[in-house]
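Engineer: need a structure here:
(chains A and B)
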Amino acid sequence: MASLTDLSGKVVLVTGGRRGIGRACVDLLAAQGASVAINGLHEPDVLAEMAAGLQEQYSRPFWAFPGDAADPKAVTQLYQELFKRAGRLDILVANAGVMEDALVGMITPKQSTHTLGVNVTGVINHIQAAARLMQRNGGGSIVAMTSIVGRFGNKGQILYSASKAAVIGAVLSASKELAGQNIRVNAVAPGFIDTDMTASLPIAAREKMMAAIGMKRIGHVDDVARVVLFLASDLSAYITGQILGVDGGMVL
Amino acid sequence: MSIHQRLKKIFQEALELPKEMEVESLGYRIVPQWDSVGHMRLVAALESEFDILLTTDEILDLSTFKRGLEILSSHGVVD
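Structural biologist: Numbering: from 1, shown residues only, chains lettered A, B, ... in the order given. The predicted model follows:
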């Protein structure tokens, strides 16, 4: 019997796949047999090198698609190109996101536009486009990245929390709309994970976060990627519309 | 079969229209079958038949049969 996590022949798109959780997802899904299209906003050369390296390692196609998730034209172009080159899409990991912390009264309109543009509009742009490619092949799986703060809130993170709560709303609605087309839509809600994004937090904030984690360790990007694999693969074939926390028992 | 005939067949099947209905004069939401759900079925069938991927603007703009032909033409789908 084939492994339920086997992704051979599947085409995956990971947004924000250049580093952190996205990169871990690219590596794990590739190791399970998938061909992966890697999207990222910055450093297109690095993306291209990543794709070329994986292609050499696994002897199957990988693609680099630089572009801004918040720009609907760029997203459309990405899917047109993906369609031309891969011909299908089975799994979307909508991971691209930004985190800009600011206290009440100090959130600028520019920060709002940027954060909501990438974290919310970007995810919706990708869900829309991905669903149309997936329905052509009889279904697929969409995994969006939300956050523990989107469920429970956190001081200084109104904007980020709001954007991640919006992702949960989008996932819940999309799961209802797309279930009939055999497209599952779920979200992963990481807690405090060791990434470049969380490394930018002040030391005091990091220590406070650590104290709130029941398992007394900061999460690793692989902890999140394994749950993404679960939701992307047939292990979760009958699961849709769920928000799965990956937080080591963190309490905010 | 011409592009016109193929598109007509797609409209008839995706929107579940009676065969005697004149497809060429149809417009979005003019008949009950061409509602938002029917529209997405139409888009999926059209993309599949002609092996193209429409943009969001084109999906929203696909409001008549004639517009469908024009959109196909812009993707290089011509007789």
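
Engineer: C-alpha only now, for contacts and for neighbours.
Structural biologist: OK.

Engineer: Quick check: mean pLDDT of stretch B:34-46?
Structural biologist: Averaging pLDDT along stretch B:34-46 gives 89.

Engineer: Is it in proximity to chain A?
Structural biologist: Yes: Stretch B:34-46 lies within reach of chain A by C-alpha under 8 Å from any C-alpha of the partner chain, at B:Ala44.

Engineer: Show me which positions of that stretch end up buried.
Structural biologist: Within stretch B:34-46, the residues that count as buried by 16 or more other C-alpha atoms under 10 Å in any protein chain shown are B:34, B:38-46.

Engineer: With stretch A:173-186 instead?
Structural biologist: Neighbour counts over stretch A:173-186 (16+ other C-alpha under 10 Å) mark A:174-175, A:178-179, A:181-186 as buried.

Engineer: do the same with stretch A:9-18
Structural biologist: Residues A:10-18 are the ones in stretch A:9-18 that count as buried (16+ other C-alpha under 10 Å).

Engineer: Flag the shaky bits of chain B, pLDDT-wise.
Structural biologist: Within chain B, no range satisfies pLDDT under 70.

Engineer: Surely A:Ile38 is within a helix?
Structural biologist: No: A:Ile38: not assigned to a helix; according to DSSP: H, G, I helix; E, B strand; the rest coil it is strand.

Engineer: coming back round to it: make TSV out of the buried residues of stretch A:9-18 and add distance to chain B.
Structural biologist: Formatted as TSV, the buried residues of stretch A:9-18 follow (distance: C-alpha to the nearest C-alpha, whole Å):
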residue	distance to chain B
A:Lys10	19
A:Val11	17
A:Val12	18
A:Leu13	17
A:Val14	20
A:Thr15	19
A:Gly16	22
A:Gly17	24
A:Arg18	26
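
Engineer: Enumerate the residues of chain A near chain B.
Structural biologist: Neighbours of chain B within chain A, by C-alpha under 8 Å from any C-alpha: A:76, A:80, A:83, A:132, A:135-136.

Engineer: okay if I get those as JSON lines plus neighbour count and secondary structure?
Structural biologist: What follows is the residues of chain A next to chain B, written out as JSON lines (neighbours: other C-alpha atoms under 10 Å in any protein chain shown; DSSP: H, G, I helix; E, B strand; the rest coil):
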{"residue": "A:Thr76", "neighbour count": "22", "secondary structure": "helix"}
{"residue": "A:Gln80", "neighbour count": "18", "secondary structure": "helix"}
{"residue": "A:Phe83", "neighbour count": "16", "secondary structure": "helix"}
{"residue": "A:Arg132", "neighbour count": "22", "secondary structure": "helix"}
{"residue": "A:Gln135", "neighbour count": "19", "secondary structure": "helix"}
{"residue": "A:Arg136", "neighbour count": "18", "secondary structure": "helix"}
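
Engineer: ok, the residues you listed vs A:Ala232, which is closest?
Structural biologist: Proximity of these to A:Ala232 (C-alpha to C-alpha) peaks at A:Gln135, which lies at 15.6 Å.

Engineer: so what's that closest one up against?
Structural biologist: Contact analysis of A:Gln135 by C-alpha atoms under 8 Å, 6 or more residues apart in numbering or on different chains lists A:181-183, B:44.

Engineer: on that earlier part again, out of the buried residues of stretch A:173-186, which sit inside strands?
Structural biologist: Counting by DSSP state E, the part of the buried residues of stretch A:173-186 found in strands is A:183-186.

Engineer: Which single helix of chain A contains the most residues?
Structural biologist: Scanning chain A for the helix with the most residues, using DSSP state H, yields helix A:158-178.

Engineer: Can you show me the helices along chain A?
Structural biologist: Here chain A has its helices, by DSSP H, at A:20-31, A:44-58, A:72-85, A:109-116, A:122-136, A:148-152, A:158-178, A:196-199, A:203-211, A:221-232.

Engineer: Let's have these in a markdown table, adding distance to B:Glu22 and mean pLDDT.
Structural biologist: Output for the helices of chain A, formatted as a markdown table (distance: least, C-alpha to C-alpha, whole Å; pLDDT from 0 to 100):
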| stretch | distance to B:Glu22 | mean pLDDT |
| --- | --- | --- |
| helix A:20-31 | 49 | 97 |
| helix A:44-58 | 50 | 96 |
| helix A:72-85 | 32 | 91 |
| helix A:109-116 | 45 | 94 |
| helix A:122-136 | 28 | 93 |
| helix A:148-152 | 51 | 96 |
| helix A:158-178 | 31 | 97 |
| helix A:196-199 | 58 | 76 |
| helix A:203-211 | 65 | 84 |
| helix A:221-232 | 44 | 98 |
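
Engineer: For A:Gly245, find the nearest of these.
Structural biologist: Closest to A:Gly245 of the helices of chain A, according to C-alpha to C-alpha: helix A:148-152, at 6.9 Å.
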